[in-house]
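Undergrad: Please find the sequence and the predicted model below.
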Amino acid sequence: QVQLEESGGGLVQAGGSLRLSCAASESAISRFAMGWFRQVAGKEREFVAAINWSGLTTYYADSVKGRFTISRDNAKNTLSLQMTKVKPEDTAIYYCAARTVPFATMDDETYDSWGQGTQVTVSS
């Protein structure tokens with residue numbers, strides 16, 4: 001497993017922007033697919049966005065498509081999620097995840113490394 005650490009969460013007003021980052025503990029992450037998931041207390045964890053090892057293929061949940069952008073910098077072992085036009089329903093704990101294969105999925109059960117999560121709160 002790879003150690004992952006998220007940062008960048010916080011309080012933001014509806015319509016604003018926020019950028020989440022995820023730092024990986026080893027350079028092997030450059031060969032792995034990665035993703036962002038989120039969870040609200042009492043609800044199932046849900047898929048937000050994912051990206052293949054190369055960064056050339058991305059996937060998004062319908063609820064964030066056109067507003068969020070996932071990207072990675074393999075030279076720095078980092079993953080990012082640029083959030084724009086945020087809505088109160090985007091409030092959740094956001095988790096960074098990695099799977100030890102090159103190709104991403106939208107299924108959280110296929111990811112084997114997880115960060116501790118970072119809280120994002122969107123005020124109306």
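TA: Good, I have the coordinates.
Undergrad: The helix or strand harbouring A49 - which strands sit beside it in the sheet, and in what orientation?
TA: Element membership for A49 (DSSP states H and E) is strand 46-51. On the basis of DSSP bridges, the sheet neighbours of strand 46-51 come out as strand 33-39 (antiparallel), strand 58-60 (antiparallel).
Undergrad: any idea how far the most centrally placed residue in the chain is from S124?
TA: What sits nearest the mean C-alpha location of the chain, by C-alpha atoms, centre = their mean, is W36, with 2.3 Å. The spacing between W36 and S124, counted by C-beta to C-beta, to the nearest Å, is 23 Å. For glycine as for every other residue, the C-beta is placed from the backbone atoms N, C-alpha and C.
Undergrad: got it, and W114?
TA: Taking C-beta to C-beta, one finds W114 at 29 Å from S124.
Undergrad: Between those two, point out the one with more neighbours.
TA: Per other C-beta atoms under 10 Å, whichever of W114 and S124 has more neighbours is W114, with 18 against 9.
Undergrad: nearest spatial neighbour of that one, skipping sequence neighbours?
TA: Excluding the flanking residues, the one nearest W114 by C-beta to C-beta, 6 or more residues apart in numbering is A97, at 5.1 Å.
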